[in-house]
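In: got a predicted structure plus its sequence, pasted below:
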Amino acid sequence: MDGPQLPGATVDAEDRIILHVDMDCFYASCERLREPDLQGEPLVVGMGYEPGEGHGAVATASYEAREHGVESAQAIGQALDALPRAEDAPADHDGPVGFYRPVDLDFYKEIAADVKAILQEHAETLREVSIDEAYLDVTDRTSWDRVDGGERTIAEGYGRHIKQQISRTVGVPASVGVAPNMSTAKIASDFDKPDGLTVVPPDEVAAFLDPLPVDEIHGVGPVTAGELGELGIETAGELGTADVSALEARFGQRGRELHARARGEDDREVTPTGKPKSLSRESAFTEATAEMDTKRDRVSALAADVAARAQSRGAMYRTIGIKVVTPPFDVNTRASSLSGPVEDPELVESVALDLLEEFADERVRKLGVRVSNLDFHGQEQARLDGFESAAGTTNSTATDTESVERVDGESRLTDWLEAEGGAESAADDDRHREGQSSLGEFE
Ligand code: TTP
Ligand code: MG
């Protein structure tokens, strides 16, 4: 193992909570926003469908159009054969007809920006993958704890909340997958499209993946699926229990990766797109402790780590804060703001330790240190690009959640619970308090 070690760390890598969002038939949903009559109709967005054109492709099709065999990347002529254009269909045509609209990327980008603004409010780290798809690390915003007599997780409520926010605020449908890692979250978001919400808690990953056909695993296309089929491997379960060396002999290093993905093993971190708004690091104790020396040592280690990362990225900070989680689930945040931006590791440590004094007598289960109000100087882009190598601690400090927060959105937790309304569990109650306390003191 390499990278900094923090004493008393438990291995809780599987406790990460990753959310994958993929908008449903995105371009078509955007067209429906400005033309609500297209709701529920077979709708094709693409190029070349005007009479006399004939060349072009389908960008996307609404789910109603997909029922007639129209799909992304299809030649437009083939789509028109399957689903004639309403305007051009002969009078005696009694089959289904479709509505066709041209691609208007600028408009879709505007809608995508509105969706992104909501996602940013709801995650420590947001990675945009394409115009309609993103990964969110929401580990610090929600929990795998169970509610409703164990039937559901708090994370499920959070996923539902994000879907509702997008739908109510922007007006387009999304499918969401929530899982302990990126590859499982992506499969989950695709599992129940459109308007899907699939939540796979850590202890259900194997049961969720095992029965799936291999081509649902990210990275397995039709060719690989065919080759796996020749080896008698049809499902993720079969792939995950196949002999790794045989897979490696056939597919090289990729064989090993696919084997791991099929087992739900994926320790990639969600690395952010864009500049961070804050840098933080937190670390859990194996058991809650009231011992002040232990707490101080941990805060010192976290402060040194955060200051070093800020330095390696050329980030100066105006605010230094701590997070103190006390059992069962109370998150307290405190921060001090300076008059101007600094780059001063010793100050990060001393301010963080001062802030910790208030919790001298408290039993604590998790501690965090954060610098925010960032100011980038010098070659920030090069440094941001060097993010992964600079962090370099992915596997060694599995307990420590590294977050590069892009929006200060603690208050949203409160919004979420209000939106969910009504029957809140004990854990929900704690979360509610957390949102309120951090709102006043941290911002
Ligand atoms: P996707 O997310 O792949 O597709 P989708 O959002 O239309 O449908 P789904 O509900 O299955 O997620 O792609 C997002 C957008 O990218 C899509 O609306 C149109 C565009 N696109 C193309 O222009 N060409 C293509 O071949 C594909 C796959 C997508
Ligand atoms: Mg999509």
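Out: Perfect, I can see it now. Ligands and ions are numbered 1, 2, ... in the order given.

In: count of neighbours near the closest residue in space to residue 360 that isn't next to it in sequence?
Out: Closest residue to residue 360 apart from its sequence neighbours, by CB to CB, 6 or more residues apart in numbering: residue 292 at 5.4 Å. The way it works is simple: take the backbone N, C-alpha and C, and place the C-beta from them, glycine included. Here the number of neighbours of residue 292 (other CB atoms under 10 Å) works out to 15.

In: quick check: pLDDT value at residue 292.
Out: According to the predicted model, the pLDDT of residue 292 comes to 97.

In: likewise for residue 87?
Out: With respect to pLDDT, residue 87 scores 88.

In: what about it, distance to residue 80?
Out: Residue 87 is 11 Å from residue 80, where distance means CB to CB, to the nearest Å.

In: looking at the two, which is more packed in?
Out: Applying other CB under 10 Å to residue 87 and residue 80 shows that residue 80 carries more neighbours, namely 22 against 11.

In: tell me the secondary structure at the more buried one.
Out: Under the three-state scheme (DSSP: H, G, I helix; E, B strand; the rest coil), residue 80 adopts helix.

In: isn't it right up against residue 49?
Out: Yes: with contact defined as CB atoms under 8 Å, residue 80 counts as touching residue 49 (6.2 Å).

In: the closest residue to residue 82 other than its chain neighbours: neighbouring residues, count only.
Out: Nearest residue to residue 82, sequence neighbours excluded (CB to CB, 6+ apart): residue 69, at 4.5 Å. By other CB under 10 Å, 13 other residues sit near residue 69.

In: is it true that residue 69 touches residue 80?
Out: No: the pair residue 69 and residue 80 does not pass the contact test of CB under 8 Å, sitting 11.6 Å apart.

In: can you name the residue of the stretch 201-350 of the chain nearest to ligand 2?
Out: residue 218 (14.2 Å; CB to the ion).

In: for the stretch 301-443 of the chain, which segments count as strands?
Out: For the stretch 301-443 of the chain, applying DSSP state E, counting those that start in this stretch gives strands covering 315-326, 330-342, 364-372, 375-376, 401-405.

In: for residue 171, find the nearest of these.
Out: Closest approach to residue 171 among the strands of the stretch 301-443 of the chain (CB to CB): strand 401-405, 27.4 Å.

In: how about stretch 30-46: buried residues?
Out: For stretch 30-46, burial by neighbour count (16 or more other CB atoms under 10 Å) applies to 30, 31, 32, 38, 41, 42, 43, 44, 45, 46.

In: likewise for stretch 177-192?
Out: 177-191.

In: just to revisit the earlier point, gap between the residue nearest to residue 360 and residue 306?
Out: From residue 292 to residue 306 the distance is 21 Å (CB to CB).

In: what would the buried residues of stretch 30-46 look like in TSV with distance to residue 16, pLDDT and secondary structure?
Out: Shown next, in TSV, are the buried residues of stretch 30-46 (distance: CB to CB, whole Å; pLDDT from 0 to 100; DSSP: H, G, I helix; E, B strand; the rest coil):
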residue	distance to residue 16	pLDDT	secondary structure
30	32	97	helix
31	36	97	helix
32	35	98	helix
38	39	97	helix
41	40	97	coil
42	40	98	coil
43	37	98	strand
44	39	98	strand
45	35	98	strand
46	38	96	strand
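
In: looking at these, spot the one nearest ligand 2.
Out: Nearest to ligand 2 among the buried residues of stretch 30-46 is residue 30, at 11.2 Å by CB to the ion.

In: shouldn't residue 375 be in contact with residue 316?
Out: Yes: if you go by CB under 8 Å, residue 375 and residue 316 touch, sitting 4.5 Å apart.

In: identify the contacts common to those two.
Out: Taking CB atoms under 8 Å, 6 or more residues apart in numbering as the contact rule, residue 375 and residue 316 both touch residue 341.

In: okay, these two: which has more neighbours?
Out: Using other CB under 10 Å, the more surrounded residue of residue 375 and residue 316 is residue 316, with 18 against 14.

In: what's the nearest residue to the more buried one if we skip its chain neighbours?
Out: In space, and not counting its chain neighbours, residue 316 is closest to residue 341: 3.7 Å by CB to CB, 6+ apart.

In: let me see the contact set for that neighbour.
Out: Per CB under 8 Å, 6+ apart, neighbours of residue 341: 316, 317, 318, 373, 374, 375.

In: now with 10 Å?
Out: 315, 316, 317, 318, 319, 371, 373, 374, 375, 376, 377 (CB atoms under 10 Å, 6 or more residues apart in numbering).

In: how about the residues of the protein by ligand 2?
Out: By CB under 5 Å from the ion, the residues of the chain that approach ligand 2 are 22, 23, 26, 132.

In: just the buried subset of the residues you listed, written out for PyMOL, thanks.
Out: Buried members of these, defined by 16+ other CB under 10 Å, are picked up in PyMOL with:
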select buried, resi 22+23+26+132
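
In: got any ranges where this protein has weak pLDDT?
Out: Along the chain, the model assigns pLDDT under 70 to residues 1-14, 274, 378-443.

In: which of the contacts of residue 341 has the largest number of neighbours?
Out: Ranking the contacts of residue 341 using other CB under 10 Å puts residue 371 first, with 29 neighbours.

In: the residue nearest to it when sequence neighbours are not counted bridge partners, please.
Out: Excluding the flanking residues, the one nearest residue 371 by CB to CB, 6+ apart is residue 317, at 3.7 Å. Beta bridges link residue 317 to residue 342, judged by DSSP bridges.

In: list the contacts of residue 317.
Out: Per CB under 10 Å, 6+ apart, neighbours of residue 317: 278-279, 306-307, 310, 337-338, 341-344, 347-348, 370-375.

In: ok, back up a step: which of the contacts of residue 341 sit farthest apart?
Out: Farthest pair in the contacts of residue 341 (CB to CB) is 319 and 377. Separation: 16.7 Å.
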